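Asks: pasting the structure only:
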């Protein structure tokens, strides 16, 4: 019926660059399978792509021409006639060494046609894209791992400097202060000399306090000696109390039950410090609450305040709420995820979470 249609022959069959085959479907296709699909004709593109001749194909069954071909090519021919609509499939072709897409459509009750589309380059592009995406993920993971190592390395350097300051300058200043006090106790001359000694003692005491503060800022010894919760309490007292911002700290989960690596605590401490500084600068808060939650392979710090929160125009346009993901993998301690998030609501609630 459709075979004799001149429009089909001239414009759809002969002039296309894609392989097309016409088939007659025998009634017993359910039992004979591909042997019941008989080639009527193929176009020149089909000859070139499949390396066959039209006269060698016409009148023979699909199984005779392609005995070991992928089953999907004959299956869609059978289906399109039975279901009376076009059927699609795609697969690697062992005969053409290409990745092909085929569309089979019925022409009548016992006639069908199949058009083949070469998707080899598209498939290669998809594979290359997946490979590049995989490499991008690997590079991102490496970058985050380097960021973690840099944080740990920076903290180690801070601790070394703090230790050196404590062992050298701190001890020297303390020794000087003790000598000045002894000198004052044993010196009973006029008030002018005593005034000079008082000034020297006061200056020395101030330098000692400043050096201790510098040591604490560089690397708070309480963090690694006692733990993250006392360190955050000391940090809140140092940053918030002088500014008349009330604060409180609560915990859930015990340190003895859910210990955390030093690397995890260092990262949480540094990120918490940044959040508290932001509260001081922007939130106009009167009270800050810090909650430390411990669980299996997880430690979380939640910082809440009663301030003005984040304005919408201060958040990135593409993210509401804003989410920053930071992760890394260590050879000994594996930090798999750290998320800092803050919703642009009236009450800021940044949450820092690290999993090992």
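Replies: Nice, thanks for sending it over. Remember, predicted model here, so these are calculated numbers, not experimental data.
Asks: In contact with residue 113, which residues?
Replies: Taking Cβ atoms under 8 Å, 6 or more residues apart in numbering, we find residue 113 in contact with 20, 21, 22, 23, 104, 105, 107. Using the backbone N, CA and C atoms, a C-beta is placed for each residue, glycine as well.
Asks: And the stretch of helix or strand it belongs to, what's buried?
Replies: Residue 113 is located in strand 111-118, with elements delineated by DSSP states H and E. Neighbour-count burial for strand 111-118, counted by 16 or more other Cβ atoms under 10 Å, picks out 111, 112, 113, 114, 115, 116, 118.
Asks: Please tell me how far the second one sits from residue 263.
Replies: Relative to residue 263, residue 112 is positioned 66 Å away (criterion: Cβ to Cβ, to the nearest Å).
Asks: got it, and the fourth one?
Replies: For residue 114, the distance to residue 263 under the criterion Cβ to Cβ works out to 61 Å.
Asks: Wait, residue 24 touches residue 58, no?
Replies: No. Contact between residue 24 and residue 58 fails when scored by Cβ atoms under 8 Å: they sit 10.5 Å apart.
Asks: if we can go back for a sec, would you turn the contacts of residue 113 into TSV with distance to residue 73?
Replies: As requested, these are arranged in TSV below (distance: Cβ to Cβ, whole Å):
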residue	distance to residue 73
20	13
21	10
22	14
23	11
104	8
105	14
107	17
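Asks: Switch the residues you listed over to JSON lines; also include pLDDT, secondary structure and neighbour count.
Replies: Compiled in JSON lines, the contacts of residue 113 are given as follows (pLDDT from 0 to 100; DSSP: H, G, I helix; E, B strand; the rest coil; neighbours: other Cβ atoms under 10 Å):
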{"residue": "20", "pLDDT": "91", "secondary structure": "strand", "neighbour count": "20"}
{"residue": "21", "pLDDT": "91", "secondary structure": "strand", "neighbour count": "26"}
{"residue": "22", "pLDDT": "92", "secondary structure": "strand", "neighbour count": "22"}
{"residue": "23", "pLDDT": "94", "secondary structure": "strand", "neighbour count": "26"}
{"residue": "104", "pLDDT": "93", "secondary structure": "strand", "neighbour count": "24"}
{"residue": "105", "pLDDT": "89", "secondary structure": "strand", "neighbour count": "17"}
{"residue": "107", "pLDDT": "88", "secondary structure": "strand", "neighbour count": "20"}
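Asks: ok, those vs residue 229, which is closest?
Replies: residue 104 (68.7 Å; Cβ to Cβ).
Asks: Which strand residues bridge the closest one?
Replies: According to DSSP bridges, the partner residues bridging residue 104 are residue 87, residue 114.
Asks: And it, how far from residue 39?
Replies: 14 Å.
Asks: Give the residues shared as contacts by residue 24 and residue 58.
Replies: Residues touching both residue 24 and residue 58 (Cβ under 8 Å, 6+ apart) are residue 40.
Asks: These two: which is more packed in?
Replies: A count of neighbours by other Cβ atoms under 10 Å puts residue 24 above the other of residue 24 and residue 58, at 17 against 13.
Asks: Now that one, what are its backbone angles?
Replies: Here is the backbone geometry of residue 24 (degrees, to the nearest 10): phi -110, psi 130.
Asks: got the contact list for it?
Replies: So residue 24 contacts 37, 38, 40, 110, 111 (Cβ under 8 Å, 6+ apart).
Asks: From residue 111, how far out is it?
Replies: From residue 24 across to residue 111, the span is 6 Å (Cβ to Cβ).
Asks: so what sits against both of those two?
Replies: Both residue 24 and residue 111 are contacted by residue 40, under the criterion Cβ under 8 Å, 6+ apart.
Asks: on that earlier part again, out of the contacts of residue 24, flag the one nearest to residue 277.
Replies: In terms of Cβ to Cβ, no member of the contacts of residue 24 lies closer to residue 277 than residue 37, at 75.2 Å.
Asks: Give the phi and psi angles for the closest one, as a check.
Replies: Here residue 37 shows phi and psi, under degrees, to the nearest 10, equal to phi -100, psi 110.
Asks: I'd guessed it sits against residue 76; true?
Replies: No. Between residue 37 and residue 76 there is no contact under Cβ under 8 Å: 10.7 Å.
Asks: Have a look at these two and say which one is more surrounded.
Replies: The neighbour count for residue 37 versus residue 76, taken as other Cβ under 10 Å, is higher for residue 37 (27 against 21).
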